[in-house]
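Chemist: with the sequence up front, the predicted model follows.
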Amino acid sequence: MAGLNPTLVEIETPDTRRLLELARGGDGEAFGGVYRAYTTRLLRQAMALCGNAALAEELAQDTLVEGWKCLRRYNGRCEFFTWLCAILLNRYRNSIRNNRLVPVSGLGSREQDEFTNAIEKLTDHGSLPDEAAQLHEQTALVRKCIDSLPAKHQQVIFLRFYVDDSLEGIAAALGCSVGTVKSRLFHALDKLRGMNAMSAQFVNLKTKE
């Protein structure tokens, strides 16, 4: 069950914040630096959502292109990575609704190479085949349960337990109050507990952390 949380907890650095400010002003080269800073973390979250490397790559690419297009909307009230992950979740839900993911060609060859290298780093070569298969099945089952929740409940589960952000950060990213986030999280966890033993175990592990 340890593999259910792919989060790499990192603090935004002064250099990253400086690049963000330049990118918000229209500096494409600065956004390239932002892109490289968040590629691997975003791919991990995409993998947690869809469980497929090829689809995760398309999701993450789509998210970064969308992030670049609407970067000026980012107001700095939450971690930039949380803001990106909220976009990622919306793209994922759209892909499920449309039963497809649209390949993105809006990034340059350097960025495409970054994605390829990052995807390779995500592979766990230390797990035995049987252990890897069992973990994959467990992760897929929990993911299926989360996918069955209403969209507003999916958001808080994903941002709280996979992205590992604070209630305040989630509220800022979603544009709602902390009280609303707490209420949605309570109801989401309650629904997951009642689904099956695996999702109940997920809830128990996460609420103990």
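Modeler: Structure received.

Chemist: where's F81 relative to Y38, distance?
Modeler: 6 Å (Cβ to Cβ, to the nearest Å). Bear in mind the C-beta positions are built from the backbone N, C-alpha and C, glycine included.

Chemist: let me fix that: R73
Modeler: On the measure of Cβ to Cβ, R73 and Y38 end up 17 Å apart.

Chemist: looking at these two, which one has more neighbours?
Modeler: Using other Cβ atoms under 10 Å, the more surrounded residue of R73 and Y38 is Y38, with 22 against 9.

Chemist: residues contacting that one?
Modeler: 64, 80-81, 84 (Cβ atoms under 8 Å, 6 or more residues apart in numbering).

Chemist: how about a cut-off of 10 Å?
Modeler: 10, 12, 16, 45, 60, 63-64, 67, 80-81, 84-85 (Cβ atoms under 10 Å, 6 or more residues apart in numbering).

Chemist: break the protein into its domains for me.
Modeler: Domains of the chain are assigned by automatic domain parsing as 9-123, 127-209.

Chemist: CSV please, covering the ones you listed and showing mean pLDDT.
Modeler: Putting the domains of the chain into CSV (pLDDT from 0 to 100) gives the following:
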stretch, mean pLDDT
domain 9-123, 76
domain 127-209, 78
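
Chemist: this protein: helices as residue ranges?
Modeler: Taking DSSP state H, the helices of the chain run over residues 14-24, 28-50, 53-69, 80-98, 109-121, 129-147, 151-157, 167-174, 178-193, 197-208.

Chemist: tell me, how many residues neighbour the residue lying closest to N196 once chain neighbours are set aside?
Modeler: Nearest residue to N196 in three dimensions, chain neighbours excluded: C145, at 6.9 Å (Cβ to Cβ, 6 or more residues apart in numbering). C145: 20 surrounding residues under other Cβ under 10 Å.

Chemist: among the contacts of Y38, who's most crowded?
Modeler: Counting by other Cβ under 10 Å, top hit in the contacts of Y38: A60 with 28 neighbours.

Chemist: circling back: how about the contacts made by the residue nearest to N196?
Modeler: C145 touches 157, 191-192, 194-196, 198-200, 202-203, counting by Cβ under 10 Å, 6+ apart.

Chemist: quick one: contacts of stretch 72-81?
Modeler: Outside stretch 72-81, the residues touching it (Cβ under 10 Å, 6+ apart) are 7-8, 10-12, 16-17, 20-21, 23-26, 34, 37-38, 41-42, 45, 67, 71, 83-86, 88, 159, 163-166, 168-175.

Chemist: report the distance from it to the chain centre.
Modeler: 15 Å (Cα atoms, centre = their mean, to the nearest Å).

Chemist: can you show me the CA trace of it as CSV?
Modeler: In CSV, the C-alpha atoms belonging to stretch 72-81 read as follows (Å, rounded to 0.1, in the frame of the first residue of the first chain):
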residue,chain,number,x,y,z
ARG,A,72,-1.7,34.7,-15.5
ARG,A,73,-4.7,33.3,-13.6
TYR,A,74,-2.3,31.9,-11.0
ASN,A,75,-2.5,34.3,-8.1
GLY,A,76,0.1,32.7,-5.7
ARG,A,77,-2.4,32.0,-3.0
CYS,A,78,-1.6,28.2,-3.2
GLU,A,79,1.5,26.2,-4.2
PHE,A,80,2.0,26.3,-7.9
PHE,A,81,2.2,22.6,-8.0
